[in-house]
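Novice: need a structure here:
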Amino acid sequence: MIGTGHNDQTLTWNNLLQVQNVIFVVIFTIEMVLKLAGLGVSGYWSDSWNRFDGVVVVASWVATIEASLWPFRLVRALRSVVPILSVLAS
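Specialist: Numbers count the residues shown, from 1 in each chain. Below is the predicted model of the structure:
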């Protein structure tokens, strides 16, 4: 549903997308906090995927707070594409 925004969308649809965005940001934040608790700060940041996820989480919070920063949503959408591409490449 992330990529379903369109011109002339209803207020209800816009509100649904905003709520969905916050839900995903919270889920990714919980994942990050759990990994930080389990691996520690140095263990978390030593893995490149975790660094990428951390940047996505921070950027998502910035974009959620300041909705005009739409490019950060694109980065978060790419988060799901990158693993698919790596599987296809191998």
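
Novice: average pLDDT for the strand or helix carrying Trp49?
Specialist: For Trp49, the host element (DSSP states H and E) is helix 48-65. Here helix 48-65 scores 88 as its mean pLDDT.

Novice: can you name every helix or strand that it contacts?
Specialist: Helix 48-65 sits against helix 11-46, helix 71-89, with contacts defined as 3 or more Cβ pairs under 8 Å, 6 or more residues apart in numbering; DSSP states H and E. In short, each C-beta sits where N, CA and C put it, glycine included.

Novice: what helices and strands are in contact with the longest one?
Specialist: Counting contacts by 3+ Cβ pairs under 8 Å, 6+ apart, helix 11-46 is packed against helix 48-65, helix 71-89.

Novice: most neighbours per residue, which of these?
Specialist: helix 48-65 (a mean of 15; mean count of other Cβ atoms under 10 Å).

Novice: assign Asn7 to helix, strand or coil.
Specialist: When classified by DSSP: H, G, I helix; E, B strand; the rest coil, Asn7 comes out as coil.

Novice: let me have the helices and strands packed on helix 11-46 in JSON lines, extended by distance to Gln20.
Specialist: JSON lines is the format used below for the helices and strands packed on helix 11-46 (distance: least, Cβ to Cβ, whole Å):
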{"stretch": "helix 48-65", "distance to Gln20": "11"}
{"stretch": "helix 71-89", "distance to Gln20": "11"}
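
Novice: wait, which of these is closest to Leu34?
Specialist: The closest of the helices and strands packed on helix 11-46 to Leu34 is helix 48-65. By Cβ to Cβ, the value is 11.5 Å.

Novice: dump that closest one to CSV, restricted to CA.
Specialist: Extracted in CSV, the C-alpha atoms of helix 48-65 (Å, rounded to 0.1, in the frame of the first residue of the first chain):
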residue,chain,number,x,y,z
SER,A,48,26.1,-3.2,6.8
TRP,A,49,22.4,-4.3,6.6
ASN,A,50,21.8,-3.0,10.1
ARG,A,51,23.5,0.3,9.2
PHE,A,52,21.2,0.6,6.2
ASP,A,53,18.2,-0.2,8.4
GLY,A,54,19.3,2.3,11.0
VAL,A,55,19.6,5.1,8.4
VAL,A,56,16.2,4.1,7.0
VAL,A,57,14.6,4.3,10.4
VAL,A,58,16.1,7.7,11.2
ALA,A,59,15.2,9.0,7.8
SER,A,60,11.6,7.6,8.2
TRP,A,61,11.2,9.4,11.5
VAL,A,62,12.4,12.6,9.9
ALA,A,63,10.0,12.2,7.0
THR,A,64,7.2,11.3,9.3
ILE,A,65,7.8,14.4,11.4
